[in-house]
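Asker: here is my input, please return the structure:
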Amino acid sequence: LDSDPVYSAASKTFTGYSQVCSYLNEQEVLKENISRGYYDTEKNWLEKKDSKSAPMELTDISKNGFDFWKKCQNLSGMEGNDSVKTTDIQNRINRRFASKNNEKKIQISASSLKKFYTCPRIWVENNIAGLDEPVNEASLIDGFAQGALNHKILELYFSRLRENKLEIRTTGNGLEEKYTNILLKAVDDAIEMQTKTPMNSNGNSFIATELINATKNVLVENMISVINSFSEIFNGFTVVYTEEKLSYDDPEKDYVLEGYVDLVISDGEESFIIDYKRNSTPELLYEDGTIAIRSESAEDSETPVQSDIKGPSNIPDFQMPAYLYLLEKSKGIKAENCAFFSMGSKEIVPVVGQKVFDIHKGLHPKTKLDVYTLEDFEPTMKLFQQKTDEYYHRIRNGDFSISDSNQNFEMCNNCTFRALCRRTFNVSRKN
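Answerer: Purely as a prediction, here's the structure:
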């Protein structure tokens, strides 16, 4: 560059504050020195402040947005109000979801299924239009970035246990010194990996990086507590896989199923799939509509903590069905147990398997849970495969329709994309 680059930031926003506190040098630049001809001309025309005609210039962003909108208006390819099948959209789907192992097929994951069945319109806005949910600029570290850091620490810790052929172990007084040292090294490496990401594409600002380093002691203390609680639950288990990529290309299907399993452990007889959650865990877990309600006071209650209340989409969470299916198909391991582990509550939520339900029962003897074995889980597995096939055909046919029962008022009212969707309800909020 011939001269120093200039970055602009509004002084009254948190973005402006973060720029000042960063490694950039602040220098006053008056608005009058910045060319605003096109912007002001269009603004004055829209506000009817002068008699001039509309400006004849067009920005690249406006042009590209209009071109894409125009391509989506292929009425001959429409099959309903929310069905849009155009070559451009299909090309975008192919580019976005092409499988690395087989470019003729698209990849499908449990997360893409969840987003689609939560609301197909959100799926379109994210994956086709390329829109993300707005980020609060005053959030130094967003939830996803913090969760990713915690996941990376757990990944490094358990992978090093596996490398050193160490069991998951703790004592009545906490972690042994060698386990603590492994965890401390995992924390240091995870922070270094996150802060080395180019200008923190994970969503963190420069100040967020400094905050992570400044609060490292708190992070270490929390992760020691998390690891110790996990090790108490699965004391003596061995690590089989950690953050393992699973992929299966069914020759009879036009898609490839893929996913990353957080942790696979074994007690020497049976395998356990564990998925970490930062705080909350999925509620709707089974095809029969049963959800697991586990509040802090559940242990003191005489009522069951499972209920036949269905979620808004009436479709269970497909993470565990996907992992069970992929682990068996790609690794030849038939896991008999699976559970979620909440880093917030430091407890497990059993999903499938007599042993993992027995472990939970030992920790919470007063809780009343119906045990789900692999045989009991079979209807949910079949629904998972059925909905995966349906998902593939719907996005291929451009079917992004929604329903009043699935996308109800509560869901739409809390949606960050409601201004774009413009879905409205009557006074009773039923239609």
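
Asker: C-alpha only now, for contacts and for neighbours.
Answerer: OK.

Asker: which neighbouring elements make contact with the longest helix anywhere in the chain?
Answerer: Ranked by residue count, the top helix of the chain under DSSP state H comes out as helix 143-163. Applying 3 or more Cα pairs under 8 Å, 6 or more residues apart in numbering; DSSP states H and E, we find helix 143-163 packed against helix 177-195, strand 238-249.

Asker: could you rerun that using 10 Å?
Answerer: Helices and strands touching helix 143-163, by 3 or more Cα pairs under 10 Å, 6 or more residues apart in numbering; DSSP states H and E, are helix 177-195, helix 216-233, strand 238-249, strand 255-266, strand 271-277.

Asker: any idea of the mean pLDDT in the third one?
Answerer: The reference is to strand 238-249. Confidence over strand 238-249 (mean pLDDT, whole number) is 95.

Asker: low-confidence stretches in the stretch 51-200 of the chain?
Answerer: 51-52, 57-59, 68-86, 133-145, 195-200 (pLDDT under 70).

Asker: one step back: so which of the helices and strands packed on helix 143-163 comes closest to residue 399?
Answerer: Closest approach to residue 399 among the helices and strands packed on helix 143-163 (Cα to Cα): strand 255-266, 17.2 Å.

Asker: got the angle between the closest one and helix 143-163?
Answerer: With axes from the mean of the first three to the mean of the last three Cα atoms, to 10 degrees defining the directions, strand 255-266 sits at 60 degrees from helix 143-163.

Asker: let me know the angle separating strand 255-266 from strand 271-277.
Answerer: Using the same axes, to 10 degrees: strand 255-266 against strand 271-277 is 100 degrees.

Asker: picking that back up, and of the helices and strands packed on helix 143-163, who's closest to residue 401?
Answerer: If we rank these by Cα to Cα, the stretch that ends up nearest is strand 255-266, at 21.4 Å.

Asker: sheet partners, orientation included, of that closest one?
Answerer: Strands that pair with strand 255-266, judged by DSSP bridges, come out as strand 106-108 (parallel), strand 238-249 (antiparallel), strand 271-277 (antiparallel).

Asker: mind giving me the packing neighbours of the helix or strand just after the first one?
Answerer: Elements were assigned by DSSP states H and E; along the chain past strand 106-108, the next helix or strand is helix 110-118. Helix 110-118 sits against helix 120-127, strand 255-266, helix 319-331, helix 378-396, with contacts defined as 3+ Cα pairs under 10 Å, 6+ apart.

Asker: next, the angle from the second one to helix 378-396.
Answerer: Here strand 255-266 runs at an angle of 150 degrees relative to helix 378-396 (the same axes, to 10 degrees).

Asker: off-centre distance for strand 255-266?
Answerer: On the basis of Cα atoms, centre = their mean, to the nearest Å, strand 255-266 sits 15 Å off its chain's mean C-alpha point.

Asker: average model confidence for it?
Answerer: Mean predicted lDDT for strand 255-266 stands at 95.

Asker: okay, it in PDB with CA atoms only?
Answerer: Taking C-alpha atoms only, strand 255-266 is exported to PDB below (Å, rounded to 0.1, in the frame of the first residue of the first chain):
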ATOM      1  CA  TYR A 255     -26.600 -38.000  -0.400                       C
ATOM      2  CA  VAL A 256     -23.700 -38.600   2.100                       C
ATOM      3  CA  LEU A 257     -24.500 -38.500   5.800                       C
ATOM      4  CA  GLU A 258     -21.800 -36.800   7.800                       C
ATOM      5  CA  GLY A 259     -21.100 -35.600  11.300                       C
ATOM      6  CA  TYR A 260     -18.500 -35.100  14.100                       C
ATOM      7  CA  VAL A 261     -19.100 -37.100  17.300                       C
ATOM      8  CA  ASP A 262     -17.700 -35.400  20.400                       C
ATOM      9  CA  LEU A 263     -16.700 -38.400  22.300                       C
ATOM     10  CA  VAL A 264     -16.900 -42.200  22.200                       C
ATOM     11  CA  ILE A 265     -15.900 -44.100  25.400                       C
ATOM     12  CA  SER A 266     -16.000 -47.700  26.600                       C
END
